[in-house]
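> here are the coordinates; sequence isn't available:
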């Protein structure tokens, strides 16, 4: 009898332990209940802690108290992208659910998905009766002393990711993504995924305690009826390579909603604004950038702001016609007219109303415009999110590619709407036009972005400037060239002047002419945020390896690339010359180097052709 009772007790304890701790399919990531929150571990090491969870609506009668986790089953993800860091994406997760019910008997479910490369969770509510969202209780505990790279929130997400170890100070609002190093060599990147209609995007606030970061959705006054859920709250977890190579944001997003995607083609774009802020109202300047696209065999040219004020009797239709006659696909710029309006460039107020938007996009399609760049949104509120979805759906009807500028970060829309090929939401090369700050900070910033902003989606940084804009750059030529590979963007806008590109050696021009912008796979070779970043991206049987040195001192970099071991290769390397009369050192060899020396604020590109 005693043996039977003991067996029952041990079984009950085992079942209790199982209900308190769950894990990813490979067992590396686990979550266990801890008070009213949850503790997250990687390989047994504590990584993150959710100190509180739950959602309140205007009809809530108290904070939800969630029960034990129950397993919903396995989630297997398998899909194809048209652009991005990996074209064929697969992932797997164990899904668990905890339930809470309020005094009216309405259900709130906390759904966890534990992937091999991170976790995601969202709240699913039902029985809603015309209520509005009130507050999310989700709070991440980030201990003081934890190394982190976090950006102060702004509606355009154009800021730096400085290394700090504290959340103290005057700023208490933080944007995604937030990169943490909770223990040496183990990282977690916080963000969110899959914004849908009736939802706003969120950010982090630590206004109550320095170590407590609340998830705070932006304004959302939609009346909620029946069922509703939040976006996914996401933490990519593992080593730096796990973070950089992860596709978790799109893994969690809705599948492609377009029946026909044959018209969507990523590509490189010649871009006027960096050198000529008002160049798009000048027909002759636009023609020079069309001619550059022809010379470099680029598929696209962007006609930027103020094309509605073109000088000398010309119109944007003249510029579009010139591009099409020369085999270049034109894209044009619009002001969203919800953010910066007064004093801002135009055209304005052409997209806000459905009937105006339909008329404008139909005109674009009729005259041969290939895509639209839409600028100056006003933050993360539900209105902006719904407006972006309206814009993407309308653009798709008229076969127009989309580039959002002055906008929020990617949260997976690039899977659902694959004609959204890039988004700004980054402190990029355009800032050389604005203030002198970027000159001294660009190298370290560029070595941080592959581990932060570019992890979550395409990034329209507008790279590769060999000459200077209003304020000088002190990164090397090879560093600038490396950015075209290091930074992923389905539309890669080249920033420099036509004469600067055309003055580069033939090999450099040939590299730009053949530059892929959609990648079969991406690997982190080596690096650390703000120090060094080296990535390898494959297109077909060719690997492009690019690296930048974020330091003011020379660095010798080790280049471990086991995925190329044993392969016969032809390697063309673009590096910095030590000679004052030439910035380039371009070599070709059949041996893959195991190290490379980077000059201060320097970089390199290797094009590795596998035989």
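Great, that's in hand. Everything quoted here is computed from the prediction, not taken from an experiment. Numbering: from 1, shown residues only.
> Show me where the stretch 151-300 of the chain dips below the pLDDT cut-off.
Residues of the stretch 151-300 of the chain meeting the criterion pLDDT under 70: none.
> Can you list the residue ranges for strands in it?
Along the stretch 151-300 of the chain, counting by DSSP state E, counting those that start in this stretch, strands occupy 163-164, 173-183, 186-193, 202-209, 212-217, 224-229, 232-238, 267-271, 300-303.
> again, but for the stretch 451-600 of the chain
With DSSP E, counting those that start in this stretch as the criterion, the stretch 451-600 of the chain has strands at 491-494, 521-528, 532-539, 542-549, 555-558, 569-576, 584-589, 595-598.
> how about a markdown table for these, with mean neighbour count added?
For glycine as for every other residue, the C-beta is placed from the backbone atoms N, C-alpha and C. Formatted as a markdown table, those follow (neighbours: other C-beta atoms under 10 Å):
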| stretch | mean neighbour count |
| --- | --- |
| strand 491-494 | 28 |
| strand 521-528 | 18 |
| strand 532-539 | 23 |
| strand 542-549 | 26 |
| strand 555-558 | 13 |
| strand 569-576 | 19 |
| strand 584-589 | 14 |
| strand 595-598 | 17 |
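> for the ones you listed, which one sits closest to residue 29?
Among the strands of the stretch 451-600 of the chain, the nearest to residue 29 by C-beta to C-beta is strand 521-528 (18.9 Å).
> Tabulate the strands of the stretch 451-600 of the chain in a markdown table, adding columns for mean pLDDT.
Below are the strands of the stretch 451-600 of the chain laid out as a markdown table (pLDDT from 0 to 100):
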| stretch | mean pLDDT |
| --- | --- |
| strand 491-494 | 98 |
| strand 521-528 | 98 |
| strand 532-539 | 98 |
| strand 542-549 | 98 |
| strand 555-558 | 96 |
| strand 569-576 | 97 |
| strand 584-589 | 97 |
| strand 595-598 | 96 |
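> quick one, which of those is nearest to residue 255?
Minimum separation from residue 255 across these (C-beta to C-beta) falls at strand 521-528, 20.8 Å.
> before we move on, the earlier item: could you save the strands of the stretch 451-600 of the chain as CSV and add columns showing distance to residue 384?
Listed next are the strands of the stretch 451-600 of the chain as CSV, based on distance: least, C-beta to C-beta, whole Å:
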stretch, distance to residue 384
strand 491-494, 21
strand 521-528, 30
strand 532-539, 31
strand 542-549, 33
strand 555-558, 41
strand 569-576, 40
strand 584-589, 44
strand 595-598, 40
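> The ones you listed: which one's closest to residue 54?
Closest to residue 54 of the strands of the stretch 451-600 of the chain is strand 521-528 (C-beta to C-beta; 35.8 Å).
> tilt between that closest one and strand 532-539?
Strand 521-528 runs at 170 degrees relative to strand 532-539, counting by axes from the mean of the first three to the mean of the last three C-alpha atoms, to 10 degrees.
> what helices or strands is strand 521-528 leaning on?
Applying 3 or more C-beta pairs under 8 Å, 6 or more residues apart in numbering; DSSP states H and E, one finds that strand 521-528 contacts helix 240-245, strand 532-539, strand 542-549.
> Let me have the ones you listed in a markdown table, adding distance to residue 41 as columns.
Shown next, in a markdown table, are the helices and strands packed on strand 521-528 (distance: least, C-beta to C-beta, whole Å):
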| stretch | distance to residue 41 |
| --- | --- |
| helix 240-245 | 15 |
| strand 532-539 | 28 |
| strand 542-549 | 32 |
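> for these, which one sits closest to residue 439?
Residue 439 lies closest to strand 542-549 among the helices and strands packed on strand 521-528, at 15.6 Å (C-beta to C-beta).
> So what touches that closest one?
The contact list for strand 542-549 (C-beta atoms under 8 Å, 6 or more residues apart in numbering) reads 443, 446-447, 475, 479, 482-486, 516, 525-527, 532-538, 555, 557, 559, 561, 564, 596, 598-610.
> List the contacts of the residue lying closest to residue 128 once chain neighbours are set aside.
Leaving aside its sequence neighbours, residue 128 sits nearest to residue 224 (C-beta to C-beta, 6 or more residues apart in numbering; 4.4 Å). Counting by C-beta under 8 Å, 6+ apart, residue 224 touches 57, 125, 128, 130-133, 198.
> Mind giving me the PyMOL select for these, buried ones only?
To isolate the buried ones among those in PyMOL, judged by 16 or more other C-beta atoms under 10 Å, type:
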select buried, resi 57+125+128+131+133+198
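> Quote the end-to-end distance of stretch 404-414.
End-to-end distance of stretch 404-414 (C-alpha to C-alpha, to the nearest Å): 11 Å.
> can you check stretch 495-507 too?
19 Å.
> Same question for stretch 515-530.
Separation of the first and last residues of stretch 515-530 by C-alpha to C-alpha is 25 Å.
> ok, now stretch 309-323?
For stretch 309-323, the first-to-last residue distance is 18 Å (C-alpha to C-alpha).
> Give me the residues contacting that stretch.
Stretch 309-323 is contacted from outside by 280-283, 286-287, 290, 293, 301, 303, 307-308, 329-330, 332, 346, 367-369, using C-beta under 8 Å, 6+ apart.
> of those, buried ones?
Buried residues within the contacts of stretch 309-323, counting neighbours by 16+ other C-beta under 10 Å: 280-283, 286-287, 290, 293, 301, 303, 307-308, 329-330, 332, 346, 369.
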